[in-house]
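# Below: sequence and its predicted model.
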Amino acid sequence: MAYSSILDWIQFKDVMSNPFYPFESYNLPFDLSYKIWELLGGLIAWLINLIFPGNGVSVWLMSDEISNVFALVVFMIIIFLVVFVVTLLSLWMERKVLGRVMDRRGTMIGLKGFMQCLADGFKTFLKENTIPRKVDKKTYLWTAALIIGTSALIACMIPLSDRWFVVNYGTGLLIIMALFALAPFFILVSGWAQNNKYSLIGGMRAAELMISYEVPMLIMIASTCLLAGSFNINDIVNMQGDTIWFFIPQIIGFITFIFCATAEAERVPFDIAEAEAELVEGWQTEYAGMKWGLIMLADYLRGYVSCAMVVIMYLGGWLIPFVSGGVNGWFPEIVFLLKVWSVFFIMIILRGALARVRTDQIVNIGWKVFMPLSVANLAVVLLLKLGGVF
Amino acid sequence: MMSRDVIDIKAETSELHTDKMWVIMGPQHPFSHGLWTLKARLDGEIVVDAEPIIGYLHRGWEKECENRTYPKIIPMADRLCYAASMTYTHLYCMTVEKALGIDIPEKAKYIRIMADEICRIQSHLMWLAAVGTDLGNLTVFLWAMREREFFMDLNVRMCGARMTTNFPRIGGVRNDIDDEFAMFASRCVERFEKAIWDIIAMIDDSSVFVSRMKGTGILSREQCANLGITGPAMRGTGVDFDVRRDDPYDNYDKMDFEVPVLKEGDSYARYMVRIEELFQSCKIIKQCLQKVKAIGRNAPYRLKVPSKVPAGRAFVRMEDPRGESMMYLISDGTDKPYRLKVRSPIFVNVSAAKPLVLGSRIADVPAVMAMIDMCLGETDR
Amino acid sequence: MAKKEYLDKYPRNPARSLWVMKPVSKALKIFFKTIAHRPVTILYPYEKMWMPENYRGRPGLRFDRCVACGMCVKMCPTACIKLVDTEDGSGQKVKRPQVNVGRCAMCGYCAEYCPVDAMTVTPEFELAEYTREDLIYGPKRLAYEGITERMEIHLEQTLMSDIKNGNPERRISPFKTDRPVLVEAKCISCKRCEKVCPVKAVTMVEHGVNEKGRPILYPEFNNDTCICCENCVEDCPKDALYINEVL
């Protein structure tokens, strides 16, 4: 066979025309990863074809089925990298904003302090992997792995726009909520497994925290879904575009949900599970080095997910008011992330302004304040729905 | 507050068997400001027994003094309490002056009590900072530390050192203060009286802070008397006593100030008393600056004192930022003390740890103990 | 501010118990303030805090002024000063103080009690070294460029007798008033006080002869040059000298 140009292998086919395209609608990260795989795989296939002209491997690499498989691998990396960078940016923002609130500068090393986040992460990776002798080793490890794993999973499952998603479930919000609520159980077991009194109390407190905010939070999710008439994230966001952003009819729910989301992400004022004043680091006491670094990352991933849920449910997702139409005019992903960061900013200010509540107080707040408020919110939504406004 | 007996009976009669566990907080625990340990016995989250353990910072201060000449003890007295170094130095100098039987110049008295009040503000601000971290808010910590820094600058201008000031001397003070210092001090105090409202709004207007402090760590007047608790912790329970007013030393009797007293006896009352004392200290500093100016530039500020103290005993007490501190000196006629005993307020106040935390939740232990304002330098000596 | 004003400004109303907006608004206020201006913190190695001239950092020494009286050694509360042999500019062997800065408490006593103001305080506070030996500052290393008037700390005291006599404004250093006094009956004419005097203020004057025919020498002190360093008092083998403290 004659010499084939590299352009014969890299054709930048339309991803939607691929018969094995795994999504139902257009997916931007998959499109990107498909093109990246065409570049990489096409290069490899061309090189192999140069050495062994006419072989089957090159053709196999660039076939429709296999292209999809490799593109999906690249797709996973892209999705996670974006989430990771977003989380690092949130971390950096927290450090800088909290610093300014406290009349100091925050981190200062490299790119206005951003490199400090990378350096801290790198440092934890270089540390010795210490495991205390008397812990229940297996449980100690798998609980940490699951806490980090579920957090990373839901963070990746948050769609950034109607073209940037991993799966487009009919029950998307419910699944995110379900996975989100899993971590406190692992924290409870992990605190037990660590054979440390502080961790044990921290784990118990995580459970105590969960029973106080989880029910009002679910009621508020239900009212939002009732208002939108769907559990699908796309439908909820589009409904807000059609009518009005949901934080206006559900203003009670919006404010309550911000506090509940703060509790869900275990941030001040509801960080009782890792209250460093009385329980050294709460349930994280015995985790050291890389494990602790990943747990910190998981904490910020959960913070990101909390903010993203607020944005999806109340702030119109990736929509800009008075701008309608297709995705080509502007970047809905950037809009979504900007909204997430502005909600995160509120959380940072709350952290800067408030102190940690006590365990009995959080249960009190959960059942005596959040619960009636969420029911009131539900009533408002029912009235609106029955009155035919939505 | 639940008594210990009630909880014990409850735990034994309940069908669900629960074990009580000892949680040891300190000396590396973030809750203990300094090297001390609080052993707390927990039933679930509720403290049923507690025991403070001190002595990690014991360095033989009193014995060390017996080998030093009288002026050399002044820098050591600075190290008794790092948060308010002037007060112990002042106390020591007053004790030796009493043993010598001399009366120091008026100007020195005013400068000394002004230095005392500057240190009282510093100490209370450090306590405020500690309250912030113990309740989980770092903002209050840094804002209070920022305010404290201005008073540190005053210390530097006054005597050249920030913390261990080594400023009072037997027979007066180390150096005179100049007009520049007076200007900076009055400006600093005026600025502080405005800036402190930011921190007060952070704590007093926050439902979280108030609900964490109200009704926790309650002490009664009787308990205060039995345990020998002094200082703001005592004034928060309704005991109206302040050495500055009731047994005045130096020139406090010529000062116009109030002693804040609150009746509630909980953490919030102690917080209010300390905040109020900040304002009273500002008032005293302003008055002192006026008096020093009125006395004049050339007035004596330091007496020459004999190097040997005649044989005898002297006992002086004063109002430390944390309570009532006393010193007892036995002299045998040489240039070194025969015995120097310090009564530190925190050494006594920490004995209130058990009645304070009993029946409260473990989350309240840092908040309640922060109101004692631990300072281990003077406790262990 | 009085308690009443405090309570007026902060009444105890129950509506406040659910209120968290004031601290949030305060936090936002400081946030925007520090965005517009700089925060109060400084970037330490690049910026430094203002220090007054009389800041008490490590001790400084003016080599030529020092007379090796040992007053700083006596007064140092941490015993970190030691007199060591060294050579001055003309190659003569002299004694000068050496400071172990690792033990120094920065109390400023050496500068305060120096009779000739050779020891000073310096505003130098960055003293970290790699080894403990490096922390020992010899006499030459103790020198500090640009010693100003305010770095010298003068010991100015008022005498109680002056206050009684109605002259309270006179301030005088104890090194100018206190002088050693001889108890002649104890003196054995050993001349040690003459040897140890750092300023050569002691002269041995002959006062007749004893029964063995040897001359009886009693020290006499030059009031102008004496700096009251008490070296003669401490070295006297028979305790024949004491310091007369003028009060």
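Yep, it's here.
# What segments of the chain are strands?
Reading this off chain A. Under the criterion DSSP state E, chain A contains no strands.
# Chain C was what I was after
Taking DSSP E, the strands of chain C run over residues C:59-61, C:81-87, C:93-100, C:119-121, C:136-137, C:179-182, C:202-209, C:215-221, C:241-244.
# Same question for chain B.
Under DSSP E, chain B gives strands at B:21-25, B:37-43, B:46-53, B:168-169, B:172-173, B:312-320, B:323-331, B:337-343.
# For the closest residue to residue A:218 other than its chain neighbours, give its distance to residue A:309.
Spatial nearest neighbour of residue A:218, chain neighbours left out: residue A:177 (6.9 Å); criterion: Cβ to Cβ, 6 or more residues apart in numbering or on different chains. Every residue, glycine included, has its C-beta placed from N, CA and C. As for residue A:177, its distance to residue A:309 is 8 Å (criterion: Cβ to Cβ, to the nearest Å).
# Neighbour count: the two, which is higher?
residue A:309 (26 against 20; other Cβ atoms under 10 Å in any protein chain shown).
# So for residue B:225, what pLDDT did the model give?
What the model reports as pLDDT for residue B:225 is 87.
# May I have the residues that are in contact with it?
Each residue near residue B:225 by Cβ atoms under 8 Å, 6 or more residues apart in numbering or on different chains is listed here: residue B:239.
# Please report how far it lies from chain A.
Applying Cβ to the nearest Cβ, to the nearest Å, the value for residue B:225 to chain A is 30 Å.
# buried residues in the helix or strand of chain A with the lowest mean pLDDT?
The least trusted helix or strand in chain A, going by mean pLDDT, DSSP states H and E, turns out to be helix A:56-61, with a mean of 82. Going by neighbour count (16 or more other Cβ atoms under 10 Å in any protein chain shown), the buried part of helix A:56-61 is A:58, A:61.
# all helices for the stretch 151-300 of chain B, in order.
B:179-204, B:207-213, B:221-227, B:232-235, B:243-246, B:267-295 (DSSP state H, counting those that start in this stretch).
# ditto for the stretch 1-150 of chain A
A:28-51, A:56-61, A:64-101, A:114-126, A:137-157.
# and the angle for the third one with helix A:114-126?
Direction vectors for helix A:64-101 and helix A:114-126, defined by axes from the mean of the first three to the mean of the last three Cα atoms, to 10 degrees, enclose an angle of 110 degrees.
# Helix A:64-101 near chain B at all?
Yes - Helix A:64-101 is in contact with chain B by Cβ under 8 Å from any Cβ of the partner chain, via A:98, A:101.
# Closest residue of chain A to chain B?
The nearest approach of chain A to chain B comes at residue A:356, 3.0 Å away (Cβ to the nearest Cβ).
# sorry, back to before: can I get the strands of chain C in TSV with mean pLDDT and distance to residue C:22?
Listed next are the strands of chain C as TSV, based on pLDDT from 0 to 100; distance: least, Cβ to Cβ, whole Å:
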stretch	mean pLDDT	distance to residue C:22
strand C:59-61	88	50
strand C:81-87	87	55
strand C:93-100	88	53
strand C:119-121	88	46
strand C:136-137	89	53
strand C:179-182	84	68
strand C:202-209	81	75
strand C:215-221	82	73
strand C:241-244	84	65
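# Which among these is found nearest to residue B:102?
Across the strands of chain C, residue B:102 has its closest neighbour in strand C:241-244 (18.6 Å, Cβ to Cβ).
# Can you list the strands that the closest one pairs with?
Strand pairing for strand C:241-244, using DSSP bridges, gives strand C:179-182 (antiparallel).
# in the strand it pairs with, what's buried?
If you call a residue buried by 16+ other Cβ under 10 Å, then strand C:179-182 has these buried ones: C:179-180, C:182.
# Stretch C:166-175 too?
C:168, C:171, C:173-175.
# tell me the angle the longest helix seen in chain C makes with helix A:64-101.
Ordering each helix of chain C by length in residues (DSSP state H) puts helix C:21-36 first. For helix C:21-36 against helix A:64-101, the angle by the same axes, to 10 degrees is 100 degrees.
# and helix C:21-36, what does it pack onto?
Counting by 3 or more Cβ pairs under 8 Å, 6 or more residues apart in numbering or on different chains; DSSP states H and E, the packing neighbours recorded for helix C:21-36 are helix A:64-101, helix A:332-353, helix B:179-204.
# Within range of chain A, give me the residues from the stretch 101-250 of chain B.
Going by Cβ under 8 Å from any Cβ, the residues of the stretch 101-250 of chain B near chain A are B:132-143, B:146, B:202, B:206, B:208-209, B:211-212.
# same check, this time on chain C
So far as Cβ under 8 Å from any Cβ goes, chain C lies against chain A at C:18, C:20, C:23-24, C:26-28, C:30-31, C:34-35, C:39-41, C:43.
# and which of these is nearest to residue A:17?
For the residues of chain C next to chain A, the nearest to residue A:17 is residue C:35 (50.3 Å; Cβ to Cβ).
# in terms of contact, does the closest one touch residue A:101 like I think?
No - the criterion here is Cβ atoms under 8 Å, and residue C:35 misses it with residue A:101 at 10.2 Å.
# give the contact list for residue 187.
All of this refers to chain A. Contacts of residue A:187 (Cβ under 8 Å, 6+ apart): A:143, A:147, A:202-203, A:206-207, A:273, A:283.
# was after chain C, sorry
Going by Cβ under 8 Å, 6+ apart, residue C:187 touches C:218-219, C:238, C:240.
# most neighbours, which of these?
For the contacts of residue C:187, neighbours tallied by other Cβ under 10 Å; top is residue C:219, 24 neighbours.
# residues in contact with it?
C:182, C:187, C:193-194, C:202-205, C:232, C:241.
# ok, now with 7 Å
C:182, C:193-194, C:202, C:204 (Cβ atoms under 7 Å, 6 or more residues apart in numbering or on different chains).
# Mind listing residues that contact stretch A:358-365?
Contact partners of stretch A:358-365, identified using Cβ under 7 Å, 6+ apart, comprise A:205, A:208-209, A:212, A:270, A:272, A:357, B:45, B:211-212, B:361, B:363-364.
# sorry, that was for stretch C:221-232
By Cβ under 7 Å, 6+ apart, stretch C:221-232 touches C:69-71, C:115-116, C:174-175, C:178-180, C:193, C:196-199, C:201-202, C:241, C:243.
# Mind doing that once more with 8 Å?
Residues outside stretch C:221-232 that contact it (Cβ under 8 Å, 6+ apart) are C:67, C:69-71, C:74, C:115-116, C:174-180, C:192-193, C:196-203, C:219, C:241, C:243.
# Narrow these to those in helices?
Among the contacts of stretch C:221-232, the members found in helices (DSSP H) are C:71, C:74, C:174-177, C:192-193, C:196.
# Buried ones from the contacts of stretch A:358-365, can you make that a PyMOL selection?
Buried residues within these, by 16+ other Cβ under 10 Å, are selected in PyMOL with:
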select buried, (chain A and resi 205+208+209+212+270+272+357) or (chain B and resi 45+211+212+361+363+364)
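# ok, the residue nearest to the spatial centre of chain B - contacts?
Taking Cα atoms, centre = their mean, the centroid of chain B lies closest to residue B:322, which sits 2.5 Å from it. Residue B:322 is in contact with B:81, B:84, B:123, B:231-232, B:345-346, B:349, B:373, B:375, B:378, counting by Cβ under 8 Å, 6+ apart.
# same check, this time on residue C:189
By Cβ under 8 Å, 6+ apart, residue C:189 lies in contact with C:204, C:214-218.
# Nearest to chain B, out of the contacts of residue C:187: which one, please.
Closest to chain B out of the contacts of residue C:187 is residue C:240 (18.5 Å), distances taken as Cβ to the nearest Cβ.
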